[in-house]
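> Need the 3D shape of this:
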Amino acid sequence: MASIAPDLAPLTHAAALEWRHSDDAVPYTHALAEMDERARGVAAGERGELAWMLEHPPVYTAGTSADPSELVDPRFEVIEAGRGGRYTYHGPGQRVGYLMIDLGKRGKDVRCFVHSIEGWVIDTLSDFGVEAWRAPGRVGIWCQDIDGREAKIGAIGVRVRRWVTMHGFSVNLDPDLSHFGGIVPCGIEEFGVTSLARLGKQVSNAEWDAALYARADGFLGALEAARLAARDKRAKSHEE
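Numbers count the residues shown, from 1 in each chain. Okay, the predicted model is just below:
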């Protein structure tokens with residue numbers, strides 16, 4: 001593991017977090033244990049917030065809303081993730097971002113947190129020439145695939161405990177897309193999945209991490225703006 005931040009220009013909000021990236025694939029259960037330990041430390045005020053970029057060996061993960069009928073072909077290990085959402089695939093070529101963020105200090109707004117992650121990933125994808133968007137009623141990041149149809153390029157699933165977040169998002173850089181065939185990704189059967197490589201964009205883990213970090217102030221700034229707006233709203237209600 002190594003810190004991303006020392007190699008990049010310092011950012012106002014992002015400097016408050018520890019930034020870490022793992023070059024080797026991290027077994028999913030190891031990541032779960034480390035996330036849990038770090039989140040407990042953040043909640044206790046003993047550890048700082050962390051943004052961790054990594055990838056996993058092939059694995060299917062089940063969220064709290066996972067439907068067994070959507071596990072079509074369990075060709076890889078299936079692990080209960082403890083996050084929201086349904087079934088998701090993780091594997092080589094997919095960059096995962098785990099966020100241990102103290103929402104107790106950042107507005108206590110889970111909806112804003114998820115919305116801000118979406119915006120962060122969408123903005124970063126735009127830096128590589130990919131126009132992506134949110135889709136009402138469908139969690140995740142969407143774009144136009146090479147066949148002109150809408151497809152999913154990124155997934156989001158979070159867990160919040162004592163106002164500290166765990167899990168986060170994943171973006172398909174260049175995974176084996178056939179591996180998604182073992183599940184109905186996120187329970188959405190009518191849409192496919194795509195990747196930056198399928199769209200003709202060759203992006204390394206290091207390039208993705210650097211671009212994501214460069215956009216991090218927008219993500220954290222959105223949380224701060226929401227916190228201040230909520231504070232002002234409370235103050236105004238007390239005055240009235």
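
> Okay, and residue 220 sits in which element?
helix 216-239 (DSSP states H and E).

> now that helix: how far from the chain's centre is it?
Relative to its parent chain, helix 216-239 has a centroid offset of 22 Å by C-alpha atoms, centre = their mean, to the nearest Å.

> Pull out the buried positions in that helix.
For helix 216-239, burial by neighbour count (16 or more other C-beta atoms under 10 Å) applies to 216-220, 222-224, 226-227. Where C-beta positions appear, they are placed from N, C-alpha and C, glycine not excepted.

> what's the answer for stretch 49-69, then?
Result for stretch 49-69 [16+ other C-beta under 10 Å]: buried residues 49-56, 58-63, 66.

> what do you get for stretch 92-106?
By 16+ other C-beta under 10 Å, the buried positions in stretch 92-106 come out as 93-103, 106.

> centroid residue for the protein?
Centroid-nearest residue in the chain, with C-alpha atoms, centre = their mean: residue 169, separated by 1.5 Å.

> List the contacts of that residue.
96-97, 99, 117, 121, 141, 154-157 (C-beta atoms under 8 Å, 6 or more residues apart in numbering).

> run the last query once more with 10 Å
Contacts for residue 169 (C-beta atoms under 10 Å, 6 or more residues apart in numbering) come out as 95-99, 114, 117-118, 120-121, 140-141, 154-158, 212.

> same question, residue 47
By C-beta under 10 Å, 6+ apart, the residues touching residue 47 are 18, 37-41, 100, 102, 164.

> any idea how far residue 192 is from it?
Look at residue 47 and residue 192: by C-beta to C-beta, to the nearest Å, they are 39 Å apart.

> So for residue 208, what's the pLDDT?
Residue 208 carries a pLDDT value of 98.

> Can I take it that it is in a strand?
No: read with DSSP: H, G, I helix; E, B strand; the rest coil, residue 208 is helix and lies in no strand.

> Neighbours of it, how many?
For residue 208, the neighbour count with other C-beta atoms under 10 Å is 21.

> Touching, residue 17 and residue 48? I think so.
Yes: proximity of residue 17 to residue 48 meets the contact threshold set by C-beta atoms under 10 Å, at 7.1 Å.

> so who does residue 90 touch?
Taking C-beta under 10 Å, 6+ apart as the contact definition, residue 90 lies against 25-26, 28, 31, 54-61, 76, 79, 81, 96, 155, 170, 175, 179.

> Residue 184: which of the buried residues of stretch 92-106 is nearest?
Nearest to residue 184, judged by C-beta to C-beta, of the buried residues of stretch 92-106 is residue 94 at 17.3 Å.

> With adjacent residues omitted, what lies nearest to the closest one?
Closest residue in space to residue 94, ignoring its immediate chain neighbours: residue 175 at 4.4 Å, by C-beta to C-beta, 6 or more residues apart in numbering.
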